[in-house]
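> I would like to see how this sequence folds:
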Amino acid sequence: MPGNRAVIYRGPGEVAVETIDYPSLELKDGPGVNPANVGRQVPHGAILKVVASNICGSDQHMVRGRTTAPPGLALGHEITGEVAEVGRDVEFIKVGDLVSVPFNIACGRCINCKEGKTGVCLNVNPDRPGSAYGYVDMGGWVGGQAEYALVPYADWNLLKFPDKDQALAKIRDLAMLSDIFPTGYHGAVTAGVGTGSTVYVAGAGPVGLAAATSAFLLGAAVVIVADLQKERLEQARSFGCETIDVSAGEPRDQVEQILGAPEVDAAIDAVGFEAHGHGSDAQAERPATVLNAVMDVTRAGGAVGIPGLYVTGDPGASDDAAKTGSLSIRLGLGWAKSLAFTTGQCPVMRYNRQLMMAILNDRTQIAKNVNATVIPLDQAPQGYAEFDKGAARKYVLDPHGLIK
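Sure, this is the predicted structure:
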């Protein structure tokens, strides 16, 4: 078997590229693997030669030491690859297919999967509903920031690109289908974005930029993106967004300067639990700030999409309550305004085929909008460090040098 080099979490602030086992059609013991999953047979799985695997903001939460992720965990849940091997029970996916991998691992058999709620599959993770590759408390499935990766339930999970040559020509865009584009789109859909909507997006990282892109795709009239990082705000402006620097003051006041009214139709939280304050409080962590701000700027009867990550365990939190995921949110404000909230993992398969078609038919330029930047696998530690400093880029790892 060929070797398999992968990005490994070594402890807070440290990742390294190391050699791990080549995947097999069996889940083996290792860092983060629930004992109930050890020895699990995967005859329904496929082994992929990874073409692209992206660095995600939620990976950064682990690398910063803000979760209970164990050292030695192989990272990476945003995977695009070529099928190298299939198990005996795989019927429709073939060796040589170029495919996108939803970051949610789903069985396709449980009640949630059958209802399209693939982000909370009941059968793939003994710890809790929902699973993902290379992520803390998600069952121990090995991450895909690697040369090769195992995907279980391949016929169900994999999205095959219809034309391989066409897909390779658009691979930077298609690499976004595994997570951030559907996640941003889910945030916009669940916020109720439609033709003529005014939209507030908290966070100009890749998911926030994907949410803004999605809002335009859905017909939004005005998209306002808020962040603390000037470079990220410049990136948002590059494709038509209005922007707010929240270090300058409260979003509500700045929204009014843009729209003539202090509220929008729809709001999206693309920041999550490592939020900072606004105005003079901008350098301090305030984990409930964004949730309270999106409620404040959304009109009565509107909706809030929350694709930003919130956790049940944050050992680096600024207060004891936040360490267990308890935040001081103004639920009474949300109730009084009759706001709708949608949280949780994006069910990627609800959207990925439609978004693939939008990419293949030149209806969106998601790679350009999120500033997709391709780097070799060996440069992953550098990519993590630059992303952590606020680089306005979406880093795409190219383990085999296949991205032109």
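> CA atoms for contacts and neighbours, from now on please.
Fine.
> so what secondary structure elements neighbour the helix or strand that contains I359?
Assigning secondary structure by DSSP states H and E places I359 in helix 352-360. For helix 352-360, the elements it packs on are helix 171-174, helix 180-190, judged by 3 or more Cα pairs under 8 Å, 6 or more residues apart in numbering; DSSP states H and E.
> Quick one: the ones you listed as TSV, columns for mean neighbour count, distance to S100 and mean pLDDT too.
Shown next, in TSV, are those (neighbours: other Cα atoms under 10 Å; distance: least, Cα to Cα, whole Å; pLDDT from 0 to 100):
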stretch	mean neighbour count	distance to S100	mean pLDDT
helix 171-174	22	8	98
helix 180-190	28	12	98
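> Of those helices, which is nearest D362?
With respect to D362, and counting by Cα to Cα, the nearest of the helices and strands packed on helix 352-360 is helix 171-174 at 10.2 Å.
> how about the CA coordinates for that closest one, as CSV?
Below are the C-alpha coordinates for helix 171-174, written out as CSV (Å, rounded to 0.1, in the frame of the first residue of the first chain):
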residue,chain,number,x,y,z
ILE,A,171,-12.0,22.1,-8.8
ARG,A,172,-11.3,25.2,-6.6
ASP,A,173,-15.0,26.0,-6.6
LEU,A,174,-16.2,22.4,-6.3
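> Distance to R252 added to the helices and strands packed on helix 352-360, as a markdown table?
Shown next, in a markdown table, are the helices and strands packed on helix 352-360 (distance: least, Cα to Cα, whole Å):
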| stretch | distance to R252 |
| --- | --- |
| helix 171-174 | 33 |
| helix 180-190 | 19 |
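> List the buried residues of the helix holding I359.
If you call a residue buried by 16 or more other Cα atoms under 10 Å, then helix 352-360 has these buried ones: N352, R353, L355, M356, I359, L360.
> ok, now stretch 121-136?
Buried, per 16+ other Cα under 10 Å, within stretch 121-136: 121-127, 129-136.
> Next: stretch 377-387.
L377, D378, A380, P381, G383, Y384, A385, F387.
> quick one: which of those residues sit in helices?
A380, P381, G383, Y384, A385, F387 (DSSP state H).
> before we move on, back to that, please name whichever of the helices and strands packed on helix 352-360 is nearest to P12.
Proximity to P12 (Cα to Cα) singles out helix 180-190 among the helices and strands packed on helix 352-360, at 23.8 Å.
> Next, the angle helix 352-360 makes with that closest one.
Calculated by axes from the mean of the first three to the mean of the last three Cα atoms, to 10 degrees, helix 180-190 forms an angle of 110 degrees with helix 352-360.
> Point out the other helices and strands that helix 180-190 packs with.
Helix 180-190 is packed against helix 206-217, strand 264-269, strand 298-305, helix 352-360, with contacts defined by 3+ Cα pairs under 8 Å, 6+ apart.
> Helices of this structure, residue ranges please.
Counting by DSSP H, the helices of the chain are 57-63, 111-114, 154-157, 164-169, 171-174, 180-190, 206-217, 230-237, 251-259, 289-297, 331-336, 352-360, 366-369, 380-388.
> Just the buried residues of the fourth one, please?
For helix 164-169, a neighbour-count test (16+ other Cα under 10 Å) marks K164, A167, L168 as buried.
> Find the nearest non-adjacent residue to the first one, please.
Counting by Cα to Cα, 6 or more residues apart in numbering, L98 is the residue found nearest to K164 once chain neighbours are left out, at 6.1 Å.
> got a list of what the closest residue to G302 other than its chain neighbours touches?
The shortest distance from G302 to any non-neighbouring residue, by Cα to Cα, 6+ apart, is to L339 (5.3 Å). For L339, the contact set (Cα atoms under 8 Å, 6 or more residues apart in numbering) comprises M295, T298, A300, G301, G302, A303, V304.
> Just give me the closest of those residues to V90.
Looking across these and measuring by Cα to Cα, the closest to V90 is V304, at 39.2 Å.
> Just the pLDDT at the closest one, thanks.
Here, the pLDDT recorded for V304 equals 98.
> With A106 instead?
Confidence score, pLDDT, at A106: 98.
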